[in-house]
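Colleague: Provided below for reference: sequence and predicted model.
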Number of protein chains: 2
Amino acid sequence: MNNNQFTLKPIGFVRSKLKSLEECPKQGQEGAPDAWIEIDHAFIKGLDDLEVGQEILILTWLHLARRDELKIHPRADKQRPLKGVFAMRSPHRPNPVGLHKVEIQEIDPVGRIRVYPLEVIDGTPVIDIKSVKEELGEG
Amino acid sequence: MNNNQFTLKPIGFVRSKLKSLEECPKQGQEGAPDAWIEIDHAFIKGLDDLEVGQEILILTWLHLARRDELKIHPRADKQRPLKGVFAMRSPHRPNPVGLHKVEIQEIDPVGRIRVYPLEVIDGTPVIDIKSVKEELGEG
């Protein structure tokens, strides 16, 4: 094993009505609202060929997560036994990359896409966008 | 937009019979072999509760990819029109994070898991492991 590290740069940020972690559901399907993804001007050409109605995966950097947790209580419920973070959807993990399956609702040519549902807080950095169909052969 | 950057650390590395990019299929389902994921000792506890037969998502850092491409020819076929990288599964993208849906074949308690199919080259850094069921509600 070596100690290489890699540098991620945000390609954009989430703009959401969710302003505090307490408001954020654990899963998009649990009542999360739509949100805008504002893409940095430098990366707008990479959005070409995305379409309204398409399912995509948004990869985020969960900037408020702890990185030193390897076992967590599911749904932060201390009654439930500890589980390994790689088996769970906890934001707290060594590299806090969030994965969110959403549908494109609207594309604004200045470099914003509106997606639904998205359960992360306003200001969360976005690091990648991927096509569900290309990645998983579905959607 | 700010210029924050984030630091990823590998949690492990892929050990595969694929030793050159030319040998790697474009998709796991296109004839990729099984591979071992060797997890760094510091992170082994995070593997608890993963099970043989389970579908997981391996997130990799595609260390040989170019990061300055925003439009690519699908399947590197120059006959095909350029497409935006966020709509495609190209490894070449601003943050070259690879996403691979695989099934766990074997778990070795010293911190190795054998998965199938995996189309990346030997030595590729692994940055996260996620449960398909937890992330996508399926599998």
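Modeller: Everything's here; your move.

Colleague: distance from the chain centre to the biggest strand by length in chain A, please.
Modeller: Ordering each strand of chain A by length in residues (DSSP state E) puts strand A:97-108 first. Chain-centre distance of strand A:97-108: 8 Å, with C-alpha atoms, centre = their mean, to the nearest Å.

Colleague: direction included, what does the very next helix or strand once past it pair up with?
Modeller: Moving toward the C-terminus from strand A:97-108, the next helix or strand (DSSP states H and E) is strand A:112-116. Using DSSP bridges, strand A:112-116 pairs in its sheet with strand A:35-39 (antiparallel), strand A:97-108 (antiparallel).

Colleague: pick the most buried one from those strands.
Modeller: Among the strands paired with strand A:112-116, ranked by average contacts under mean count of other C-beta atoms under 10 Å in any protein chain shown, first place goes to strand A:35-39 (a mean of 23). Every C-beta, even on glycine, is put in place using the N, C-alpha and C of the backbone.

Colleague: neighbouring strands for the next helix or strand after that one, and are they parallel or not?
Modeller: For strand A:35-39, the succeeding helix or strand toward the C-terminus, using DSSP H and E, is strand A:55-61. Strand pairing for strand A:55-61, using DSSP bridges, gives strand A:97-108 (antiparallel), strand A:125-131 (antiparallel).

Colleague: okay, those in TSV with mean pLDDT next?
Modeller: Below are these laid out as TSV (pLDDT from 0 to 100):
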stretch	mean pLDDT
strand A:97-108	98
strand A:125-131	98
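
Colleague: could you dump the ones you listed into a markdown table and include distance to A:Pro81?
Modeller: Formatted as a markdown table, these follow (distance: least, C-beta to C-beta, whole Å):
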| stretch | distance to A:Pro81 |
| --- | --- |
| strand A:97-108 | 24 |
| strand A:125-131 | 32 |
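
Colleague: which residue packs closest to A:Gln27, ignoring adjacent ones?
Modeller: Nearest non-adjacent residue to A:Gln27, counting by C-beta to C-beta, 6 or more residues apart in numbering or on different chains: A:Glu119, 6.4 Å away.

Colleague: check contacts around A:Glu135.
Modeller: Residues in contact with A:Glu135, defined by C-beta atoms under 8 Å, 6 or more residues apart in numbering or on different chains, are A:57, B:89, B:99, B:101.

Colleague: now these in JSON lines, with distance to B:Val126?
Modeller: Converted to JSON lines, these look like this (distance: C-beta to C-beta, whole Å):
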{"residue": "A:Leu57", "distance to B:Val126": "18"}
{"residue": "B:Arg89", "distance to B:Val126": "18"}
{"residue": "B:Leu99", "distance to B:Val126": "12"}
{"residue": "B:Lys101", "distance to B:Val126": "14"}
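
Colleague: secondary structure element holding A:Lys26?
Modeller: Going by DSSP H and E, A:Lys26 is not part of any helix or strand.

Colleague: what about it, how many neighbours?
Modeller: Using other C-beta atoms under 10 Å in any protein chain shown, A:Lys26 is surrounded by 14 other residues.

Colleague: so it makes contact with A:Pro117?
Modeller: No. Applying C-beta atoms under 8 Å as the test, A:Lys26 and A:Pro117 come out as separate, 12.0 Å apart.

Colleague: joint contacts of those two?
Modeller: With C-beta under 8 Å, 6+ apart, A:Lys26 and A:Pro117 have no common neighbours.

Colleague: look at the residue nearest to A:Gln27 and report its pLDDT.
Modeller: We have a pLDDT of 95 for A:Glu119.
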